[in-house]
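**Q** return a 3D structure for these sequence lines:
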Amino acid sequence: MEFKDKNYLFLILLHALIGVLVYSIPGFSKLYGFSILFVSLYFIIKTRNRNNEVLYAAAYIVGSEVFLRMTNGNISHEFSKYGVMLFLSMGMFYSGFSKNAVPYWIYLILLIPGVIIATYTLNLTTVDIRKTIMFNISGPLCLGFASLYCYNRKISIGEINNILLVMGLPIIACTIYLILYTPSDIKTVLTGTGSNAETSGGFGPNQVSTALGLGMFIFFARVMLMSRTKLLFATNLIIAVLMTYRGLITFSRGGVITGFLMLIILLYFVYINSKYKGKVKLNYMIVLTGLLMLGIWFYTESKTDGLISKRYQNKDAFGRVKGSNFTGREEIAASEINAFLDNPFFGIGVAKGTELRLEQTGEVVASHNEITRLLCEHGSLGALILLILFSTPIFLYLDNKQNIYLFCFLVFWLLTINHAAMRTASPSFIYALSLLKIQFKQDEEVALHRE
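**A** The predicted model follows:
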């Protein structure tokens, strides 16, 4: 699957138009959401997954998830996670999976006791225990299905770049929607240094920031690796800059910081894998990226009257340091660690953590940290799950050093599950991409090649 320059520019314009149409026409987002499902199914069935079409379908649905939630275009709230599981299950049906993917079969099996325990520990007054459990387990299940499909599956560097592009296209639509939704003078909707729904399309800033940070990484990576002409270079650069600015003004830090760290890691791995000429080009790129980041930051400072710097310094609008660095999430994590210490073997059961906090505080407070949630709800099995998830990609890297994105994907997964848990499908799917076996083809061209 190859995107020619004209096709590439057409896809970008098409998704910019989708952003305009979703903003302008009530109900268009729902049509867009249904079309993603049915068009993806059509191509997967037609091609029988000859060229990993399921990865493109899953990538697109992951990239569109926050946009569809923001605009009420989802078939269901968990549409993206179940869509990824459906597509990749079809991929395993058509193309099989590695017999060595044993760690992820073990991972899926280790999730079962927590589900069984939940059926006993959850309050019987819960409206729908089955629905509650599925809502909480859908993210880990999505990761398991995606990992089974991707484990050591051979793919070219050009294909992984295209998969990332497909993921980034709906984020373009989301960015255009945000530009239209947010007042041109954003100072009129800023009430302090907290995360801001009005600059996030009226939706959760944490999830919007995560999507925009991912988009920022994807298009800055294309600036470095996939911009063969000045037109493509300028196009990718403009998109990356817009996404960075829009991510900053959500005032949600997690997604932007994650995208920035992914970019630094990519620069490092491209640099150490480049020869002299490639390193010279990369030096210019590093300087350009640094200057752009500074420019975006100072522009955002001026547009927010300095509130953005106070946000990243954890200060309120008056410059006073806030009592909590993570808006109270430390307390949630601490309560989950305490629950783990009280129930160290099998935990308290899936979804019981939220119910426990309701009993203790009278408020429904969901976990933002997947690591402490796994320990709390799955006990020692959760610790074993984390060991599998951390160690397997690093073990595969020893025989897969051409995957320059591997640690970028791992960092995205790790940081995202620490500030947004697994509310979206993106950490599950992007984690699984780290398990792909990347190969360079002789005829593949990359802007910063190894020469």
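**Q** who touches stretch 183-193?
**A** With contact meaning C-beta atoms under 8 Å, 6 or more residues apart in numbering, stretch 183-193 is reached by 182, 196, 198-199, 249, 251, 303-305, 307, 310-311, 315-317. (Each C-beta comes from the backbone N, C-alpha and C, glycine too.)
**Q** what's the farthest-apart pair in these?
**A** Greatest spacing in the contacts of stretch 183-193, by C-beta to C-beta: 182 and 315 (23.1 Å).
**Q** quick one, which of those two is more surrounded?
**A** Neighbour totals were compared for residue 182 and residue 315, and residue 182 leads with 20 against 15 (other C-beta atoms under 10 Å).
**Q** and the more buried one, what does it touch?
**A** Listed by C-beta under 8 Å, 6+ apart, the contact set of residue 182 reads 189, 198, 199, 201, 249.
**Q** lowest-confidence one in the residues you listed?
**A** Lowest pLDDT of those: residue 189, 88.
**Q** what's the burial count for that one?
**A** Around residue 189 there are 13 other residues, counting by other C-beta under 10 Å.
**Q** now do it against residue 201, distance only.
**A** Remark: distance between residue 189 and residue 201 (C-beta to C-beta, to the nearest Å) = 12 Å.
**Q** kindly report the same for residue 313.
**A** Applying C-beta to C-beta to residue 313 and residue 201 gives a distance of 26 Å.
**Q** helix or strand: which one has the closest residue to residue 367 other than its chain neighbours?
**A** Using C-beta to C-beta, 6 or more residues apart in numbering and skipping the chain neighbours, the partner closest in space to residue 367 is residue 373 (4.3 Å). Following DSSP states H and E, one finds residue 373 within helix 370-378.
**Q** whichever helix or strand comes after that helix: how far from the chain's middle?
**A** Per DSSP H and E, helix 370-378 leads on to helix 380-397 as the next helix or strand towards the C-terminus. How far helix 380-397 lies from its chain's middle: 19 Å, per C-alpha atoms, centre = their mean, to the nearest Å.
**Q** average pLDDT across helix 380-397?
**A** Averaged across helix 380-397, the pLDDT comes to 94.
**Q** and it with helix 370-378, angle?
**A** Counting by axes from the mean of the first three to the mean of the last three C-alpha atoms, to 10 degrees, helix 380-397 lies at 140 degrees to helix 370-378.
**Q** ok, residue 313 and residue 201, which is more surrounded?
**A** Counting neighbours by other C-beta under 10 Å for residue 313 and for residue 201 shows that residue 201 has the greater number, 24 against 11.
**Q** quick check, pLDDT for the closest residue to the more buried one other than its chain neighbours.
**A** Excluding the flanking residues, the one nearest residue 201 by C-beta to C-beta, 6+ apart is residue 70, at 4.5 Å. What the model reports for residue 70 is a pLDDT of 94.
**Q** residues near residue 70, how many?
**A** Neighbours of residue 70 using other C-beta under 10 Å come to 23.
**Q** and it, how far from residue 35?
**A** Taken as C-beta to C-beta, the span from residue 70 to residue 35 is 17 Å.
**Q** same check on residue 102?
**A** The gap separating residue 102 from residue 35 is 38 Å, by C-beta to C-beta.
**Q** those helices in the stretch 1-150 of the chain, which residues are they?
**A** 5-24, 28-47, 53-70, 79-95, 102-121, 129-150 (DSSP state H, counting those that start in this stretch).
**Q** so which of these comes closest to residue 388?
**A** Using C-beta to C-beta, the nearest of these to residue 388 is helix 102-121, at 5.0 Å.
**Q** any buried residues in the closest one, and which?
**A** 103, 104, 107, 108, 110, 111, 113, 114, 115, 117, 118, 121 (16 or more other C-beta atoms under 10 Å).
**Q** let me know the closest of these to residue 236.
**A** Of all those, residue 236 sits closest to residue 104, with 34.0 Å by C-beta to C-beta.
**Q** ok, and what's touching stretch 136-147?
**A** 58, 78, 81-82, 84-85, 88-89, 101, 104, 107-108, 111, 114-115, 350-351, 354, 370, 374, 377, 385, 389, 421-423, 425, 427-429, 431-432, 435.
**Q** let me fix that, I meant to ask about stretch 371-390.
**A** For stretch 371-390, contacts defined as C-beta under 8 Å, 6+ apart pick out 103-104, 106-107, 110-111, 113-114, 118, 136, 140, 143, 332-333, 335-337, 339-340, 343-353, 367, 417-418, 421, 431.
**Q** got a PyMOL select line for the buried ones in the residues you listed?
**A** The PyMOL selection below is limited to those of those classed as buried (16+ other C-beta under 10 Å):
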select buried, resi 103+104+107+110+111+113+114+118+136+140+143+332+333+335+336+339+340+343+346+347+348+349+350+351+352+353+367+417+418+421+431
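**Q** buried deepest among the helices of the stretch 1-150 of the chain, which one?
**A** Between these, helix 53-70 has the highest mean count of neighbours, a mean of 27, where neighbours are mean count of other C-beta atoms under 10 Å.
**Q** tell me which other helices or strands that helix touches.
**A** Using 3 or more C-beta pairs under 8 Å, 6 or more residues apart in numbering; DSSP states H and E as the contact definition, the elements that helix 53-70 packs against are helix 28-47, helix 79-95, helix 129-150, helix 157-181, helix 205-225, helix 426-433.
**Q** can I get those in TSV including mean pLDDT and distance to residue 63?
**A** Below are those laid out as TSV (pLDDT from 0 to 100; distance: least, C-beta to C-beta, whole Å):
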stretch	mean pLDDT	distance to residue 63
helix 28-47	95	10
helix 79-95	95	9
helix 129-150	90	14
helix 157-181	95	4
helix 205-225	94	8
helix 426-433	96	8
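**Q** in JSON lines, list the ones you listed along with distance to residue 411.
**A** As requested, those are arranged in JSON lines below (distance: least, C-beta to C-beta, whole Å):
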{"stretch": "helix 28-47", "distance to residue 411": "27"}
{"stretch": "helix 79-95", "distance to residue 411": "20"}
{"stretch": "helix 129-150", "distance to residue 411": "16"}
{"stretch": "helix 157-181", "distance to residue 411": "15"}
{"stretch": "helix 205-225", "distance to residue 411": "10"}
{"stretch": "helix 426-433", "distance to residue 411": "10"}
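**Q** closest one to residue 407 among the ones you listed?
**A** helix 426-433 (11.7 Å).
**Q** now whatever helix or strand comes next after the closest one: average pLDDT?
**A** Downstream of helix 426-433, the first helix or strand assigned by DSSP H and E is strand 437-439. Per-residue pLDDT over strand 437-439 has a mean of 86.
**Q** before we move on, back to that, out of the buried residues of helix 102-121, flag the one nearest to residue 400.
**A** For the buried residues of helix 102-121, the minimum distance to residue 400 (C-beta to C-beta) is 14.9 Å, reached by residue 103.
**Q** give me every residue that touches residue 123.
**A** By C-beta under 8 Å, 6+ apart, residue 123 lies in contact with residue 355.
**Q** use 81 as the first number for this chain going forward.
**A** Got it, first residue is 81 now, which makes that one residue 203.
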